[in-house]
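>>> Structure for this input, please:
(one chain, ligands or ions: 1)
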Amino acid sequence: MSQLSTRHLLGIRDLTSEDIALILSTAKQFKEVINRPIKKVPSLRDITIANLFFENSTRTKLSFELAEKRLSADVLNFSASGSSVSKGETLIDTANNILAMKVDMVVMRHPHPGAAEFLSQKIDATIINAGDGTHEHPTQALLDAFSIEERLGSLQGKKVAIVGDIVHSRVALSNVFCLQKSGAEVMLCGPRTLMPKHAESLGVQVSHHLEEALEWCDVANMLRVQQERMDKGYFPSIREYSMQYGLTMEKLKSVNRDLVIMHPGPINRGVEITSEVADSEYSIILHQVENGVAVRMAVLYLLAQKA
Ligand code: CP
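Predicted structure coming up:
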């Protein structure tokens, strides 16, 4: 198989295991390309891509833009702040006005779950979800899977603990789907207040003790506490959260194995992870960012074949 089963990338839930394997193997080839002296290929020379960001981003936005430029696409960048959204223009009107400029693909980040799927039903362009509220962040999960495979050789049978603010995390949900479809086992770990009510129904293990998760896993993916999405007190204080769920070198060393430590960013240093751990040899955080470009090139390249 050399084509994806889907025309859009709305979530990992919609992908098959074969789709994921195809994206990861294609990304491997693109990683070789971007490490050459000449990093650009002409694959998307006739394609125009609009990056619509209705919510803040550093990594995803820059990474998509670089991936598009490495593939020689024409790129339009749109941020909601400073746009006519502040004058009341709707998502559909914004998208249709951009499409009138003959855009083939849309990469969109939006605060509302389901926004990417909604757009895919309303406009005639390939849609890539760059994070929709607390729902999915498919390219983050794909780059996480790629980075684990690169470090450990395979995802098959690996144990991945996702730790922290699970209930507000689109990264967690996309990672669960992506890892399970790739043959890995998943444990979700965090306080009861930050755990979705029916987490077990996802086919994962659930723990409320970081030490237990660290004993179990090969890889720990530490998530940020998303205070901007919290409308009430989910834990007594940041200090208390950090004592219970923050990853320190002392806790990491108490496990007598070398674990792989990940974080999707942005990091709250000293809250979910100390600087000592984030910057240590166990951490692959900057490899995740590097791999994001190759993975997004693969997604854009494969979806452009279906456009
Ligand atoms: N990991 C991630 O999505 O980071 P940004 O919010 O900076 O894009």
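>>> for the stretch 201-307 of the chain, what spans make up the helices?
Shown for the stretch 201-307 of the chain, the helices assigned by DSSP state H, counting those that start in this stretch span residues 210-216, 238-245, 249-253, 275-278, 285-304.
>>> closest to the ligand out of these?
Of all the helices of the stretch 201-307 of the chain, the one in closest proximity to the ligand, counting by Cβ to the nearest ligand atom, is helix 285-304 (8.2 Å). For the C-beta atoms, the positions are set from N, CA and C on the backbone; glycine is no exception.
>>> isn't residue 50 right up against residue 103?
Yes: at 4.6 Å, residue 50 counts as touching residue 103 under the criterion of Cβ atoms under 8 Å.
>>> Which parts of the strand or helix carrying residue 139 count as buried, going by neighbours?
If you go by DSSP states H and E, residue 139 is part of helix 138-152. Neighbour-count burial for helix 138-152 flags 138-150 (criterion: 16 or more other Cβ atoms under 10 Å).
>>> and of these, the nearest to residue 230?
Of all the buried residues of helix 138-152, residue 140 has the smallest distance to residue 230: 20.6 Å, by Cβ to Cβ.
>>> roughly how far apart are that closest one and the ligand?
The gap separating residue 140 from the ligand is 5 Å, by Cβ to the nearest ligand atom, to the nearest Å.
>>> For that residue, give me its contacts.
Taking Cβ atoms under 8 Å, 6 or more residues apart in numbering as the contact definition, residue 140 lies against 60, 131, 170, 171, 174, 175, 264, 292.
>>> Residue 3 now?
Neighbour list for residue 3: 22, 302, 305, 306 [criterion: Cβ under 8 Å, 6+ apart].
>>> likewise residue 277?
Under the criterion of Cβ under 8 Å, 6+ apart, the neighbours of residue 277 are 247, 248, 249, 252, 261, 283.
>>> For the last one, give the beta-bridge partners.
Taking DSSP bridges, one finds residue 261 as the beta-bridge partners of residue 283.
>>> correct me, but it touches residue 259?
No: counting by Cβ under 8 Å, no contact exists between residue 283 and residue 259, whose distance comes to 10.1 Å.
>>> What is the worst-scoring helix or strand of the chain on mean pLDDT packed up against?
Among the helical and strand segments of the chain, the one scoring lowest on mean pLDDT, DSSP states H and E is helix 91-99, with a mean of 90. On a contact count with 3 or more Cβ pairs under 8 Å, 6 or more residues apart in numbering; DSSP states H and E, helix 91-99 meets strand 48-53, strand 74-79, strand 105-110, helix 115-122.
>>> separation between residue 178 and residue 285?
Shown here: residue 178 relative to residue 285, a distance of 18 Å by Cβ to Cβ, to the nearest Å.
>>> And these two? Which one has more around it.
Under the neighbour definition other Cβ atoms under 10 Å, residue 178 and residue 285 were set side by side, and residue 178 has more, 31 against 19.
>>> Checking my notes, the more buried one in a strand, right?
No: checked against DSSP: H, G, I helix; E, B strand; the rest coil, residue 178 lies outside a strand; its state is helix.
>>> Write out the residues of the stretch 151-300 of the chain neighbouring the ligand.
By Cβ under 6 Å from any ligand atom, the residues of the stretch 151-300 of the chain that approach the ligand are 264, 265, 266.
>>> Got a ChimeraX select line for the buried ones in those?
Selecting just the buried residues from those in ChimeraX takes one command, with 16+ other Cβ under 10 Å as the test:
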select :264,265
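>>> Make a markdown table out of the residues of the stretch 151-300 of the chain next to the ligand and add pLDDT and distance to residue 273.
Written out in a markdown table, the entries for these read as follows (pLDDT from 0 to 100; distance: Cβ to Cβ, whole Å):
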| residue | pLDDT | distance to residue 273 |
| --- | --- | --- |
| 264 | 98 | 11 |
| 265 | 97 | 11 |
| 266 | 96 | 12 |
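>>> May I see the residues of the stretch 151-300 of the chain next to the ligand arranged in JSON lines, with distance to residue 204 as well?
Supplementary listing: these in JSON lines, determined by distance: Cβ to Cβ, whole Å:
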{"residue": "264", "distance to residue 204": "18"}
{"residue": "265", "distance to residue 204": "23"}
{"residue": "266", "distance to residue 204": "25"}
